[in-house]
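Undergrad: Sharing a sequence plus its predicted fold:
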Amino acid sequence: MALPDALRTTSARVPQRAPHADLPSRAAESAGPPTALVEQWMTAARPRLLHLACAHGLSVDAAHEVVQESMLEAWRHLDALSAPAGFQTWLNAICRNVCQRYRRAHHLMAQRELPLVNPTEIEDGDGNDMSYLQEMPDPLALDPVDELERQDWMTLLDRALGFLSAPS
């Protein structure tokens, strides 16, 4: 599976360390693994990362999203990989961190959302019917403020067009 051009150019922009004259073997280490090899490693790691994300309690769709984000983050920080032999462990750690960030963000968002309640089932503390809640406005209806704002814009546009000279 080949990576998109955007990812390939990202890895090409990874800064390379300058080789030291007295340490030629260090220059070879700093160059990192070739792009084709990293692509193979990531392709082979995708099913394992999906399993890891699902093990963190994410849905399949969320797991695919987390795996994609993990791979993008790995490409962005490929220069931080100290030894190619530890690539799979490093990629697993990135995936775990992305899973935690994803769950934390979605947990906070879920706390801010209010559950929808059937208005006919709502009663106040004294057992009184609160059926007036059924008279809520239609969410698809035009907002009067938006309509007035649109009319104001039309008026301003007509006036502005009136100041233009006629085409010759």
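TA: Received, thanks.

Undergrad: Find the helix or strand that residue 63 is a member of.
TA: Counting by DSSP states H and E, the element that carries residue 63 is helix 60-76.

Undergrad: Mind listing what's buried along the next helix or strand after that helix?
TA: Toward the C-terminal end, the helix or strand that comes next after helix 60-76 (DSSP H and E) is helix 87-112. For helix 87-112, the neighbour count (16 or more other C-beta atoms under 10 Å) marks 87, 90, 91, 94, 95, 96, 98, 99, 102 as buried. Where C-beta positions appear, they are placed from N, C-alpha and C, glycine not excepted.

Undergrad: Stretch 44-54 now?
TA: So, applying 16+ other C-beta under 10 Å, buried residues of stretch 44-54: 45, 49, 50, 52, 53, 54.

Undergrad: ok, the residues you listed vs residue 79, which is closest?
TA: Residue 79 lies nearest to residue 45 out of the buried residues of stretch 44-54, by C-beta to C-beta, at 18.7 Å.

Undergrad: How about that closest one: what's its closest non-neighbour residue?
TA: Distances taken as C-beta to C-beta, 6 or more residues apart in numbering place residue 91 nearest to residue 45, at 5.5 Å, with adjacent residues excluded.

Undergrad: Just confirm that neighbour contacts residue 74, I think it does.
TA: Yes - if you go by C-beta atoms under 8 Å, residue 91 and residue 74 touch, sitting 5.6 Å apart.

Undergrad: Quick check: neighbours shared by the two?
TA: residue 42 (C-beta atoms under 8 Å, 6 or more residues apart in numbering).

Undergrad: hang on, the earlier thing: closest one of the buried residues of helix 87-112 to residue 39?
TA: residue 87 (11.9 Å).

Undergrad: if I look at the closest residue to that closest one other than its chain neighbours, how far off is residue 34?
TA: Leaving aside its chain neighbours, residue 87 sits nearest to residue 41 (5.5 Å; criterion: C-beta to C-beta, 6+ apart). To residue 34, residue 41 is 11 Å away according to C-beta to C-beta, to the nearest Å.

Undergrad: Please identify which of these two sits among more neighbours.
TA: residue 41 (15 against 11; other C-beta atoms under 10 Å).

Undergrad: No more questions from me, cheers.
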